[in-house]
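[1] Compute the structure for the input listed below.
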Amino acid sequence: MRRDTQWFTRADGHRCVCVEGYRYPIRVLQQTARLPTLRRSGQSRWLPISQLHPVAHRCRTMSVSARRLRRAQQSTSQPGISDILPGKPITSSAGENSGFGLANLTDGNLTTRWVSRVESPAELLIDLLSVHSLTKLVGVWVANCTRDFSYDVSLDGTNWTTVATGSTNGTDSAQTITHQIAAQARYIRLNLLSMHNASYGNSLYELQVFGSPDPNYPVGTISDLTATVDSAAPQVSLSWSYSGSPLAHYTITRDGAVLATLTDQSATSYVDDTVALGARYTYAVTGTFSQNGASTNTASVSASVVDPNAVPTWPLRVSDNKRFLVGDNGVPFIWQGDTAWTLSGRSTREEVVTYLDTRQAQGFNVVQMTAIPRIETIYPTNSYGDNPYNGDVSSPITTPGNDPNDPAQYDYWDHIDFIIEQALQRGIYIALLPVWSRTMSPEGSLNAGIAEGYGYWLGQRYATTPIIWMLGGDDEVKRDDTWNNMARGIARGVGGGTADYSKALITYHTGSSQTAPYFYADWLDFNTEQSGHCNNRSYDKVAYSYGLTPTKPTMDAEPYYEGHPLCWDPNRGYSTPQQVRSAQYTAVFAGGFGFTYGHQSVWQMYAPDRPGTNAPITYWYDSLDAEAATQMQYLRKLLESRPILTRIPDQSIITSSHGDLWTRVQATRASDGAYLMVYTSIGRTIGVDLGILSGTTAHTYWYNPRTGDSIDNGTRPSGSAVDVATPTNDDWVFVADDDSRGFAAPGTSS
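    Residues are numbered from 1 along each chain as shown. Got it, this is the predicted structure:
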């Protein structure tokens, strides 16, 4: 039978195929049935007949034929005219979807494209790096995404002039739109003003800018601006690079005010010794050309002058280097979390106090809890018989008053208020999941239509309460409308009606995928993974996320639980404290900014009168002092005993085998060579390169992750690799410092 087939990519990024006018996601092709054979790029792909119509939707979106693409490409090819855009920096206010990056705009390949998040209006900003005489702008549009657009140009990035406007035709084809212009500019802003379909992201196959450098304008670029903080002085040292035409001077600003003017054009550094401990500053450096007084680009960098004796203050935020969380005062925050998902629904007030008192004593500073832990009918009410909502989450049940001695007053949400308040009194933040994602279905307790309203209600209720928001819940499936709406609702509630994501710290709890499906969303401040409970390599998942762009802090928010059946099968045994420690240390050393512990009995508050899931073997109150639970604080103390914000992963330190899974060896170090740490999951001899240390002498230790104690090994030359043997056959951390830094023993602060 003849079938007309056509491949395309939907606005959500899924590759699909059209067969006889119907479209099917590629995941359908992963079935074992093998009829009919479809060919794409010379490769056979299989589409099961049985799967066709249940997943089919009419082909109307993003279906661009090869013939249309060839015609579009030919229309943009203009002999003798130079496209100056390749290699120039392009940024997007609406970001990009995974696999559909900005680089696709200039790759000359009309089978690839850029796709933004669902956001309108939005803009693309282009820096041509020098002033050019522009003659033509060409866009090859996905014509049923962005509708109206305009181009602005600028010499300085501040003063803008509109040079062209246009609209796409809304059809399911590639549309080439060309604008002839005559302008001088360094910067181009493509304003994406409106959409044909509000559920699509903006999208273009190609973008071209034609012109040539303007000889009447000098050229120069400031790059590599860095800020080094010395809290002891205190001072901030700026350094940068410059290449280009001669400069008359540099202008250095701090928080928008002029700090200094440097007339020495060869100067590439400046020291600000007027800073205050606990303050955060934004510096900018701009050059002024000698030729005509025009300006170079402006490079900027932020720096926090951390008080070494301070603790992180709320609100928490992402660090300036985008790798960690810090307090509002810039002090690093090491996430030592525990999973108590069902604390809200399966605890009494007295049990809450018992749980939090224990976790406080063990050093925990975050508890991951679900506001509504119910999975349909498994947990229908909380311990007091109260329901969280009437029908669905759009109708929370609240009553006047909050007297715990009066059942008519003390409702479900009063109990959650109590948990949050008690946690904060003990220096513990609640990472609150609004609802466990498994409750989601078109008819369930949460869906896209009510998510924003529920998020707004929660955000408004806790607008002045220190809360870390964690969306999802074992969910690795993209449900854009639901979770985007939820995040927007929370931000609106916290922000007094305005969706200002800077006022809400939001992350996402995924399933077993490498990273959160919303990694590129504006609302996702930091990323989490779940290595889970079946021999997954936590270090690989964290390392993967660590390498993604844009840079975001990352951590494993659900590694192996203590007391969990291996791979959910009690016949295979239960996880050991060593496995729990190994998962934590290797994930942190691979780039995690913190870590989360969990116990199979505690997360579900398992007790004689409460049914358990996945074969717990002890009750929750007997599990609070489990071995690994008491040992998690030693990892945090180790990290806090050395400079945190310069810490990076680096497996090249290890000159011997890296091992695998429960025999893994994982390394981390300071980027300035101040220290290194190597964790080994089992006792062995390991090879360590001391050459990365900044000084000539290394002070070495063995740190015990089971007790928090250290063994001082004394000093040795730091110029080469050494072999070191663990004191016992257990897991250990080898620590080597640049001896000139004068650090205290690992795990101690003085």
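
[2] Return, as residue ranges, the portions of the protein with sub-threshold pLDDT.
    The model of the chain has pLDDT under 70 over residues 1-81, 98, 374-380, 438-445, 476-480, 514, 750.

[3] Can you give the domain ranges for it?
    Domains of the chain are assigned by automatic domain parsing as 5-58, 66-213, 220-304, 317-640, 647-741.

[4] Any idea which of these gets closest to Ala310?
    Ala310 sits nearest to domain 317-640 of all the domains of the chain, at 5.0 Å, using Cβ to Cβ. All C-beta spots, glycine's among them, are computed from the backbone N, C-alpha and C.

[5] ok, back up a step: can you lay out the domains of the chain as CSV showing distance to Ala310 and mean neighbour count?
    As requested, those are arranged in CSV below (distance: least, Cβ to Cβ, whole Å; neighbours: other Cβ atoms under 10 Å):
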stretch, distance to Ala310, mean neighbour count
domain 5-58, 43, 14
domain 66-213, 34, 18
domain 220-304, 6, 16
domain 317-640, 5, 20
domain 647-741, 19, 18
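
[6] what would these look like in JSON lines with distance to Val311?
    As requested, those are exported to JSON lines (distance: least, Cβ to Cβ, whole Å):
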{"stretch": "domain 5-58", "distance to Val311": "42"}
{"stretch": "domain 66-213", "distance to Val311": "33"}
{"stretch": "domain 220-304", "distance to Val311": "11"}
{"stretch": "domain 317-640", "distance to Val311": "6"}
{"stretch": "domain 647-741", "distance to Val311": "19"}
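
[7] I'd like the distance between Asp529 and Gln651.
    Slight slip there: residue 529 is Glu, not Asp. Note on Glu529: its distance to Gln651, by Cβ to Cβ, to the nearest Å, is 18 Å.

[8] what does Leu693 give?
    17 Å.

[9] in the sheet, who's paired with Gln235?
    Here Gln235 sits in beta bridges with Asp230, going by DSSP bridges.

[10] Go ahead and confirm Gly563 touches Trp603.
    No - judged on Cβ atoms under 8 Å, Gly563 makes no contact with Trp603 at a distance of 10.1 Å.

[11] ends of stretch 223-237, how far apart?
    Start and end residues of stretch 223-237 are separated by 16 Å (Cα to Cα, to the nearest Å).

[12] ok, for Gly612, nearest residue in space, not its chain neighbours?
    Leaving out its chain neighbours, the residue that sits closest to Gly612 by Cβ to Cβ, 6 or more residues apart in numbering is Tyr606, at 4.3 Å.

[13] give the contact list for the one you found.
    Tyr606 is in contact with Gln600, Gly612, Pro616, Thr618, Tyr619, Trp620, counting by Cβ atoms under 8 Å, 6 or more residues apart in numbering.

[14] Mind checking which of those residues land in helices?
    Members of the contacts of Tyr606 lying in helices (criterion: DSSP state H): Trp620.

[15] out of the contacts of Tyr606, who's nearest Leu277?
    Out of the contacts of Tyr606, the member with the shortest distance to Leu277 (by Cβ to Cβ) is Trp620, at 42.8 Å.
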